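[1] what's the 3D shape of this:
(one chain, ligands or ions: 1)
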Amino acid sequence: MRQKMAAGNWKMNGTSAALAELETLIQGQHAATSELLICPPATLLSRAAELAAVSPVAIGGQDCHAATSGAHTGDLSSDMLKDAGATAVILGHSERRADHSETSEDVAAKTKSAWSAGLIAIVCLGETLAERESGDTLSVVGNQLAASLPDGATGQNTVIAYEPVWAIGTGKVPSLAQIAEVHDFLRQALTTRFGTEMADAIRLLYGGSVKPGNAAEIFATSNVDGALVGGASLKAADFSPIIAALDAS
Ligand SMILES: O=C[C@H](O)COP(=O)(O)O
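    Numbering: from 1, shown residues only. Have a look, this model is predicted:
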């Protein structure tokens, strides 16, 4: 049985004042049954981890370098994230793939680094609107999955997040049938590669304009084990009802 997961990606949002939202979130989540994760900007990681210690909320990074250390100005290694209190890291987000030209091969190398540091790798996949409209969604996400995920993935070290690029921050959400089609396809692809037992242990999150008003129906969709939430994770008042919907699903 896969534990549900609600992950919040704050992206490049939040200075010290935003930690008050994390405190509010933590105070309301002592009975949560889902696994909860907040990925703040790196500048807040240590303080967020201190606030969230001995709470149901874990803290994660938004990216890491593939190397352990070295001359990579501005980058962070997986060991540094772990040292700052992270237990997970988002990798291969479409914004990183677009803004930093990250390839799936880069993502695979980062994933190995995350695993070696003992972090859960949340590996993101998703098609653009043009790819959706040309009927290429399944081949695109299938290729991304194959190339971004190294051998050695388990339910303990890996979470997959399906995030259609056109649904991120737009208020547009795929139909439930479209979400189910991709999630069922991903589960099957994992089964073919890793076998039924391992594939059944790896959680599949949906991401892209998840809000309190649509969370319950998304969480009732086939093979959706939770969500990777952007904008609605910035305010405890928005994220808390999403968590409640997940707990109830
Ligand atoms: O990582 C989160 C996703 O990009 C979703 O962002 P969003 O909920 O603001 O659409």
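
[2] which one in the protein is furthest away from the centre?
    Computed with CA atoms, centre = their mean, the residue of the chain farthest from its C-alpha average is residue 71, at 27.7 Å.

[3] Helix or strand: which one has that residue?
    Secondary structure from DSSP states H and E places residue 71 outside every helix and strand.

[4] now the one 10 residues further on
    Here residue 81 sits within helix 78-84, counting by DSSP H and E.

[5] Okay, buried residues for the helix or strand following that helix please.
    Next helix or strand after helix 78-84 toward the C-terminus (DSSP H and E): strand 88-91. Within strand 88-91, the residues scored as buried using 16 or more other CB atoms under 10 Å are 88, 89, 90, 91. In this view, the C-beta of every residue, glycine as well, is placed from N, C-alpha and C.

[6] any idea how far strand 88-91 is from the chain center?
    Relative to its parent chain, strand 88-91 has a centroid offset of 7 Å by CA atoms, centre = their mean, to the nearest Å.

[7] quick one, what contacts the residue in the chain positioned nearest to the ligand?
    Nearest residue of the chain to the ligand: residue 230, at 2.3 Å (CB to the nearest ligand atom). Listed by CB atoms under 8 Å, 6 or more residues apart in numbering, the contact set of residue 230 reads 8, 9, 11, 168, 169, 207.

[8] rerun that using 10 Å as the cut-off
    8-11, 13, 39, 93, 95, 163, 168-169, 207-210 (CB atoms under 10 Å, 6 or more residues apart in numbering).

[9] can you give me the strands in the protein?
    Under the criterion DSSP state E, strands of the chain are mapped to 5-9, 35-39, 57-61, 88-91, 120-125, 158-162, 203-206, 226-229.

[10] close to the ligand, is stretch 11-28?
    No - judged by CB under 6 Å from any ligand atom, stretch 11-28 stays clear of the ligand, getting no closer than 6.9 Å.

[11] Count the residues that sit near the nearest residue to residue 191 once chain neighbours are set aside.
    In this structure, residue 191 finds its nearest non-sequential neighbour in residue 199, 4.0 Å apart by CB to CB, 6 or more residues apart in numbering. Residues near residue 199, counting by other CB atoms under 10 Å, number 19.

[12] Which secondary structure elements does the longest helix along the chain sit against?
    For the chain, the longest helix by residue count, based on DSSP state H, is helix 176-194. Packing partners of helix 176-194 (3 or more CB pairs under 10 Å, 6 or more residues apart in numbering; DSSP states H and E): helix 137-148, strand 158-162, helix 196-201, strand 203-206, helix 215-219.

[13] how about those in a markdown table, adding mean pLDDT and distance to the ligand?
    Shown next, in a markdown table, are the helices and strands packed on helix 176-194 (pLDDT from 0 to 100; distance: least, CB to the nearest ligand atom, whole Å):
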| stretch | mean pLDDT | distance to the ligand |
| --- | --- | --- |
| helix 137-148 | 98 | 15 |
| strand 158-162 | 98 | 7 |
| helix 196-201 | 96 | 22 |
| strand 203-206 | 98 | 9 |
| helix 215-219 | 98 | 11 |
